[in-house]
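Peer 1: Predicted model, plus sequence, below.
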Amino acid sequence: MNRLTFLLTWTALTAVCASLGAQSAPQLREDNISEVMKAMTLEEKVKLLVGVGDEDFVDATAGHQKQFVAGAAGITCAIPRLGIPSTLFTDGPAGVHIDSVREGTDRRFFATGFPVASCLASTWNTALVEDVGRAIGNETLEYGCDVLLGPGMNIHRNPLCGRNFEYYSEDPYVTGEIGTAMVRGIQSQGVGVSAKHYAVNSQETERTRVDEQLSERALREIYLRGFERMVRQARPWTIMSAYNRVNGVYAQCNKLLLTDILRDEWGFDGIVMTDWIGKRNDLPVEEAVKAGNELMMPGYPVQETDMLQAIRDGRLPIADVDRSVRRMLEYIVKTPRFRHYAYSDNPDRQAHAAITRQSGTEGMVLLKNNGVLPMQPAGNDTIALFGVNSYDFLSGGVGSGCVNVEKVVDMVSALQEQGFVTTPLLTDIYQKYVSYARVKLAIDKNPLMWFLDQGQPKLDEIEISERCIRHEAQQARAAIITIARQAGEGIDRQIEGEFTLTPLEQKLIAHVSDIFHEMKKPVLVVINSGSVIETVSWRDRVDAILMAWQPGQEGGNAVADILTGKANPSGRLTMTWPVSVYDHWSTRNFPQDYDMYSYQRLESRNRPIKGVTYTRHEEGIYVGYRYFTTYNIPVAYPFGYGLSYTTFDYGKPSLKLRGDTVEVAITVTNSGSVEGKEVVQVYVNAPEGGLDKPAKELRAFAKTRMLRPGEKQNLVLKIAKSDLASYDEKQSAWVVTPGTYTFFTAANVEDIRGTATLNIK
Ligand code: BGC
């Protein structure tokens, strides 16, 4: 055999062996996970635990990637030799966040912008939220993704948190019930969720290192309770561990949170992925794996190298790696990508727009109405629309939580559709300004604020002269002023000009009200914001206030539905609206006016700063209404509040203990003259003698069906006895204090309509 023949024979033999080897390697199936694991090399195992991130990202930023679906947030590593595909994650939570533009095609890939979380929760309608979840899950599936990064399950500890719009409530029960509905809806489509940010991610300032210092009771009762309900009831595929620390330990390597509580107590059987971050010197990757965090996202090669080294040095037991790999494979076999699902890239966005309009409308909260609403077109149908966002309606927030929508319905076109015209001069001024300001902003924006580039930024307000207002008031039947706020991840809201009105907005409200009222014409305010703003200083000047939130891409239509009475408002607040932001106990320990892009940030690198690198939860469990009702602090609008165009009578509640469940039965009657829905809330006051308890805690709620005038509905609200428990740190246990419990049936936390008591042993 000459040298050439030898070489050829050798090459051929090697190729045959390699192909035999590949063929004999097991291919992943649902029932052969152990076999596949046996066939995996150590390097392959490690690859599976680290996402395929982009080398260029070095900080906590969205890991947008271009493989498979442009603009999706991240992917897991494929191991083709073993039939293991990549799986794909997309943000969340208000719809699928992918790029609308793709290389090599003129086609656009828009997703539906659904209402933000604070709006959805305000519907108090779990069936409707489940419908929205189904639609979001369907878009996730049809755009080729496997997991939607949401819902956001953090608690509104303080109105200044920049991401409150992505979260449901200040109350863990509401969070847990609405979260359950959303997860059920999304997962019903055969895709998964990543409920986030677990846990206590209550501020954005220095979110990647802030230490949230709180009692175990507050942790369990307020910050974990919502996650717990959702995990037990809806079995999410994945959970996202938060950036921050909790009592000194990063959430991402916190065994108490990730294993002892999440898995051992609540029975979670999915995977935990980190929120998007790179290598951190003070959080070795092996600590995350050991604590029960299966997947590092977006994932960097250095994390693989570190993990391999830790295994070789014996710092990371192989058993921990294997446990994580098994869970990853159990997750992968559930995904559409594993099933080779042939996605369409073409979800039914028309149907989803209809669900958006319905849920956006039902989430809106009517805060004030001096009898001027509803307002049907008759005689003079001309409206003067003030405020830039009447013409540039904000569909959702900015940052990873935004959705690239085709179009947001503004109020001009929506009102027109329902029989109103807007005054031509003002419309012209604002529409031209919006076009100009969009172009200007594109060049002026701060490149460091990458997240403001994602989604619809808020354009600056403009001054409208008194002469112009007078001119408009002569033509119009009423004025509508839209006050908008934009917020997003990475930055908290400022008090001045974000929680409170800017001087320009105050002036606009004052001048428009004075001039329109002089002519006996009403003034309405629409708030287009994902979270709470100050109202007490200006609300007496105007006739009606509608909290429209950021209700999704059908925004203008949903507002018009309420203003014209096509829909009767049935949204109720899931957070308290304080008189002043300083009324929240937590404000004392919350970062204020901290500019993370200035020298302060650099300065703070090596020293602890209150509210910035650590935040003490001095308020403990006294978050939101738990604080205001117990300490009798007046508020602007209480938790659970919202007006309707009709009235409801509440019958006397009756209580029954059936096994371990308290049943609260009540009849609700529509006593007004138009059809509508009511939200019945049950608050409980616990007996003395046990742990210190808030005056009232929400333990159940139900929304009626649409009731015609005079129509009644009997409701039975169920409360598990265990849900009356508080967490006793001394006993490390949930405890139901024996004694007499008072159950309040209420229209909001301050509007109690009935009381009944029950002795619980
Ligand atoms: C956010 C997450 C998001 C992730 C991926 C992070 O910056 O905190 O909520 O899911 O990016 O985009």
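Peer 2: Sure, I can see it. Residues are numbered from 1 along each chain as shown.

Peer 1: quick check: mean pLDDT across stretch 512-529?
Peer 2: Here stretch 512-529 scores 98 as its mean pLDDT.

Peer 1: Tell me the buried residues in it?
Peer 2: Buried residues in stretch 512-529, counting neighbours by 16 or more other Cβ atoms under 10 Å, are found at 512-513, 515-517, 521-529. Placement of C-beta: from N, CA and C, glycine included.

Peer 1: how long is it from one end to the other?
Peer 2: In stretch 512-529, first residue to last residue: 21 Å (Cα to Cα, to the nearest Å).

Peer 1: so of the buried residues of stretch 512-529, which ones are in helices?
Peer 2: Applying DSSP state H to those, the entries found in helices are 512-513, 515-517.

Peer 1: What is the nearest of the residues you listed to the ligand?
Peer 2: Checking those against the ligand with Cβ to the nearest ligand atom, the nearest one is residue 512 at 38.2 Å.

Peer 1: Residue 434 versus that closest one, what's the distance?
Peer 2: 19 Å (Cβ to Cβ, to the nearest Å).

Peer 1: Same question for residue 733.
Peer 2: Counting by Cβ to Cβ, the gap from residue 733 to residue 434 is 57 Å.

Peer 1: Kindly tell me how buried whichever residue of the stretch 101-250 of the chain sits closest to the ligand is, as a neighbour count.
Peer 2: At 3.8 Å from the ligand, residue 149 is the closest residue in the stretch 101-250 of the chain, using Cβ to the nearest ligand atom. By other Cβ atoms under 10 Å, the residues close to residue 149 number 32.

Peer 1: what do you get for the one 4 residues further on?
Peer 2: Residues near residue 153, counting by other Cβ under 10 Å, number 35.

Peer 1: Is it in contact with residue 166, as I believe?
Peer 2: No - applying Cβ atoms under 8 Å as the test, residue 153 and residue 166 come out as separate, 9.6 Å apart.

Peer 1: average pLDDT for stretch 205-213?
Peer 2: 93.

Peer 1: typo on my end, stretch 286-305
Peer 2: 96.

Peer 1: With stretch 239-256 instead?
Peer 2: 98.

Peer 1: Adjust the sequence numbering to begin at 422 for everything that follows.
Peer 2: Yep, numbering from 422; the last one is stretch 660-677 now.

Peer 1: circling back: now tabulate the ones in helices among the buried residues of stretch 933-950 in a markdown table and tack on distance to the ligand.
Peer 2: Output for these, formatted as a markdown table (distance: Cβ to the nearest ligand atom, whole Å):
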| residue | distance to the ligand |
| --- | --- |
| 933 | 38 |
| 934 | 40 |
| 936 | 44 |
| 937 | 42 |
| 938 | 45 |
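
Peer 1: In the stretch 872-1021 of the chain, where is pLDDT below threshold?
Peer 2: Scanning the stretch 872-1021 of the chain for pLDDT under 70 picks out the ranges 872-874, 1014, 1016-1021.

Peer 1: correction: the chain
Peer 2: 422-444, 475-487, 867-874, 1014, 1016-1027.

Peer 1: ok, which residues in it are in contact with the ligand?
Peer 2: 481, 483, 494, 512-513, 570, 617, 696-697, 821, 910 (Cβ under 6 Å from any ligand atom).

Peer 1: Of these - the most surrounded one?
Peer 2: Going by other Cβ under 10 Å, residue 570 tops the residues of the chain next to the ligand with 32 neighbours.

Peer 1: Show the backbone phi and psi for it.
Peer 2: The phi/psi pair for residue 570 (degrees, to the nearest 10) reads phi -80, psi 80.

Peer 1: surely it meets residue 509?
Peer 2: No - taking contacts as Cβ under 8 Å, residue 570 lies outside contact range of residue 509: 10.8 Å.

Peer 1: coming back round to it: which single one of the buried residues of stretch 933-950 is nearest to residue 748?
Peer 2: Nearest to residue 748 among the buried residues of stretch 933-950, counting by Cβ to Cβ, is residue 950 at 39.4 Å.

Peer 1: Distance check, that closest one against the ligand.
Peer 2: 20 Å (Cβ to the nearest ligand atom, to the nearest Å).

Peer 1: My understanding was that that residue contacts residue 970; is that so?
Peer 2: Yes - the pair residue 950 / residue 970 is scored as a contact, 6.9 Å apart, by Cβ under 8 Å.

Peer 1: Find residues that contact each of those two.
Peer 2: Listed as contacting both residue 950 and residue 970 by Cβ atoms under 8 Å, 6 or more residues apart in numbering are residue 586.

Peer 1: returning to what we had before: and the buried residues of stretch 933-950, which is closest to residue 686?
Peer 2: Nearest member of the buried residues of stretch 933-950 to residue 686, counting by Cβ to Cβ, is residue 950, at 36.8 Å.

Peer 1: roughly how far apart are that closest one and residue 539?
Peer 2: 9 Å.

Peer 1: So for these two, which residues contact both of them?
Peer 2: 586, 970.

Peer 1: Next up, the contacts around residue 1078.
Peer 2: For residue 1078, the contacting residues are 1084, 1142, 1179, 1181, by Cβ under 8 Å, 6+ apart.

Peer 1: who's in contact with the residue in the stretch 822-971 of the chain positioned nearest to the ligand?
Peer 2: Closest residue of the stretch 822-971 of the chain to the ligand, Cβ to the nearest ligand atom: residue 910 (5.4 Å). Residues in contact with residue 910 (Cβ under 8 Å, 6+ apart) are 583-584, 587, 625, 628, 819-822, 872.

Peer 1: how far away is the residue nearest to it when sequence neighbours are not counted from residue 458?
Peer 2: With sequence-adjacent residues excluded and distances taken as Cβ to Cβ, 6 or more residues apart in numbering, residue 910 is closest to residue 820, at 3.7 Å. From residue 820 across to residue 458, the span is 37 Å (Cβ to Cβ).

Peer 1: CA atoms only for stretch 1117-1129, dumped as CSV, please.
Peer 2: Presented in CSV, the C-alpha positions along stretch 1117-1129 are these (Å, rounded to 0.1, in the frame of the first residue of the first chain):
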residue,chain,number,x,y,z
LYS,A,1117,-57.5,44.8,56.2
GLU,A,1118,-56.0,42.3,53.7
LEU,A,1119,-57.6,41.3,50.4
ARG,A,1120,-58.4,37.6,50.5
ALA,A,1121,-60.7,37.2,47.5
PHE,A,1122,-62.3,39.0,44.6
ALA,A,1123,-64.8,38.3,41.8
LYS,A,1124,-66.0,40.2,38.9
THR,A,1125,-69.7,40.0,38.0
ARG,A,1126,-70.9,39.2,34.4
MET,A,1127,-72.4,42.1,32.5
LEU,A,1128,-75.5,42.9,34.5
ARG,A,1129,-78.5,44.6,33.0
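
Peer 1: which one of the buried residues of stretch 933-950 is nearest residue 534?
Peer 2: Using Cβ to Cβ, the shortest approach to residue 534 within the buried residues of stretch 933-950 belongs to residue 949, at 13.4 Å.

Peer 1: Can you report how many residues neighbour the nearest residue to the closest one once chain neighbours are set aside?
Peer 2: Nearest non-adjacent residue to residue 949, counting by Cβ to Cβ, 6+ apart: residue 905, 4.0 Å away. Applying other Cβ under 10 Å, we find 23 residues neighbouring residue 905.

Peer 1: Now, the contacts of residue 910 that are in helices?
Peer 2: Secondary structure defined by DSSP H assigns none of these to helices.

Peer 1: who wins for most neighbours among those residues?
Peer 2: residue 587 (31 neighbours).

Peer 1: and it, what does it touch?
Peer 2: 514-515, 537-538, 571, 573, 575, 818, 822, 910, 951.
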